[in-house]
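Student: Sequence and predicted structure are below.
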Amino acid sequence: MVDDSTRKTLSNIPLLQIRAGPREKDIWVQRLKEEYQALIKYVENNKQSGSDWFRLESNKEGTKWFGKCWYMHNLLKYEFDVEFDIPVTYPTTAPEIALPELDGKTAKMYRGGKICLTDHFKPLWARNVPKFGIAHAMALGLAPWLAVEVPDLIEKGIITYKDNC
């Protein structure tokens, strides 16, 4: 069950076609090109709708991803480092997205700051292999997690606003 806003966001992210992971060196490059195209489209859509919320980059091989994500709460911007590795069994296995600085601050997180996506996102990912990619993991995994967890962590005083000026 997906709400209309999520359905619209999802419909604007291109679906991927190539089924390849980092072990398939020859076709991995093609899959990586699809990943970048989907991410670029997703970021462009976010900017146009005024909901830009992350920046990502990868190592040369496209196997390690890192960047920043942020969540606006009461007109304050809470920014976090984000990182993940592409599993060797990708795209069958979804990436495990981590926010290291929040490690141990919520029950909905595994060791190392990996966010919990098992109940809701991973079954959805499994039904959509190989069509889903990194942009889909951000939109359907990290974005909803931030929307639920960050306000709760703020309310409990576990995280506080840091002025980055």
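Tutor: Everything's here; your move.

Student: how about low-confidence regions in this structure?
Tutor: Low-confidence segments of the chain (pLDDT under 70): 1-2, 164-165.

Student: make it 50
Tutor: Scanning the chain for pLDDT under 50 picks out 165.

Student: just the helices in it please.
Tutor: 4-11, 25-48, 121-127, 134-137, 143-155 (DSSP state H).

Student: Packed most tightly, which of these would that be?
Tutor: Ranked by mean neighbour count, these are led by helix 134-137 with a mean of 24 (mean count of other Cβ atoms under 10 Å). Glycine gets a C-beta too; all of them are placed from N, C-alpha and C.

Student: Return the list of helices and strands in contact with it.
Tutor: When contacts are defined as 3 or more Cβ pairs under 8 Å, 6 or more residues apart in numbering; DSSP states H and E, helix 134-137 packs onto helix 25-48, helix 121-127.

Student: mind checking the end-to-end distance for stretch 86-106?
Tutor: The straight-line separation of the ends of stretch 86-106 (Cα to Cα, to the nearest Å) is 24 Å.

Student: Can you point out the buried residues in that stretch?
Tutor: Using 16 or more other Cβ atoms under 10 Å as the test for burial, stretch 86-106 gives 86, 90-91, 94-99, 102, 106.

Student: Likewise for stretch 110-119?
Tutor: In terms of neighbour count (16+ other Cβ under 10 Å), stretch 110-119 has its buried residues at 113-117.

Student: between these, which is nearest R23?
Tutor: K114 (21.8 Å; Cβ to Cβ).

Student: And the closest one, how close does it get to I86?
Tutor: Here K114 is placed at a distance of 14 Å from I86 (Cβ to Cβ, to the nearest Å).

Student: How many residues are close by E61?
Tutor: Neighbour count for E61, taken as other Cβ atoms under 10 Å: 12.

Student: if I pick the residue nearest to it when sequence neighbours are not counted, what's in contact with it?
Tutor: Nearest non-adjacent residue to E61, counting by Cβ to Cβ, 6 or more residues apart in numbering: P22, 6.8 Å away. By Cβ atoms under 8 Å, 6 or more residues apart in numbering, the contact list for P22 reads 28, 61-63, 86, 88, 90.

Student: What of T9?
Tutor: Contacts of T9 by Cβ under 8 Å, 6+ apart are 45, 139.

Student: cool, the one 5 residues further on as well?
Tutor: Contact criterion Cβ under 8 Å, 6+ apart gives 34, 37-38, 41 as the residues in contact with P14.
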